[in-house]
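Participant: Compute the structure for the input listed below.
(chains A and B)
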Amino acid sequence: ELKVEQNPLFLSMQEGKNYTIYCNYSTTSDRLYWYRQDPGKSLESLFVLLSNGAVKQEGRLMASLDTKARLSTLHITAAVHDLSATYFCARGGTYKYIFGTGTRLKVLA
Amino acid sequence: GAVVSQHPSRVICKSGTSVKIECRSLDFQATTMFWYRQFPKQSLMLMATSNEGSKATYEQGVEKDKFLINHASLTLSTLTVTSAHPEDSSFYICSAINPGLAGKETQYFGPGTRLLVL
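Facilitator: The predicted model follows:
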């Protein structure tokens, strides 16, 4: 069964702190996507990871992919309030995405 | 670019009526589009894959007679919720693949349609 699990599901953190969100998927894929969703809005693409060992960074966010471990991480550095949102990973492959459970992040000022 | 639009953005209807939601790829031709449903505080669940010129492929548990999908052109897919009931109230999001871009399996998401059935 195709499953994509994220942890934690909820994350409340202070501004300036670092944290990592984990995305585990049950079957092999070399495509992993990260999205941000603000309340009432659709998805905003953050990262597309297309190969084992891929690492991408944008501002305070950095994503990586380990296809052998079936694991992707989204690392937040020195969090700011504007990063408060829900973050989803999605496993790609054969055109079909399977979305993770989502991580609701709240950054406290 | 790869812009996807949806119309309407928000719709309220009475129970028992049908509602049509449009998904358009604005600057590319999309042979494949997808329809997702998202309930509050939950993840996105794939409902169906819409293929231009052929029947849609529905995910397990999605009633094809209730959620009618038509992909009559390379830039338009429609989702019709027939005989809507309050439990169909949800956020419906479409996506499209732009085969002309690198990373050709990447999906581009529309802004979503919020459906409220009274």
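Participant: how close does A:A69 get to chain B?
Facilitator: 22 Å (C-beta to the nearest C-beta, to the nearest Å). All C-beta atoms are positioned from the backbone trio N, CA, C, and that covers glycine.
Participant: ditto for A:F99
Facilitator: Look at A:F99 and chain B: by C-beta to the nearest C-beta, they are 5 Å apart.
Participant: List the contacts of that residue.
Facilitator: The contact partners of A:F99, by C-beta atoms under 8 Å, 6 or more residues apart in numbering or on different chains, come to A:4, A:88-90, B:43-46.
Participant: Name the nearest of those residues relative to A:L74.
Facilitator: Nearest to A:L74 among the contacts of A:F99 is A:C89, at 7.3 Å by C-beta to C-beta.
Participant: before we move on, the earlier item: tell me which entries of the contacts of A:F99 lie within helices.
Facilitator: Assignment to helices by DSSP state H places none of those there.
Participant: now, which of those residues sits nearest A:V48?
Facilitator: Closest to A:V48 out of those is A:A90 (10.0 Å), distances taken as C-beta to C-beta.
Participant: quick one: low-confidence ranges for the chain?
Facilitator: Picked chain A for this. The model of chain A has pLDDT under 70 over residues A:94.
Participant: Sorry, I should have been clearer: chain B.
Facilitator: Within chain B, the ranges that satisfy pLDDT under 70 run B:1, B:100-104.
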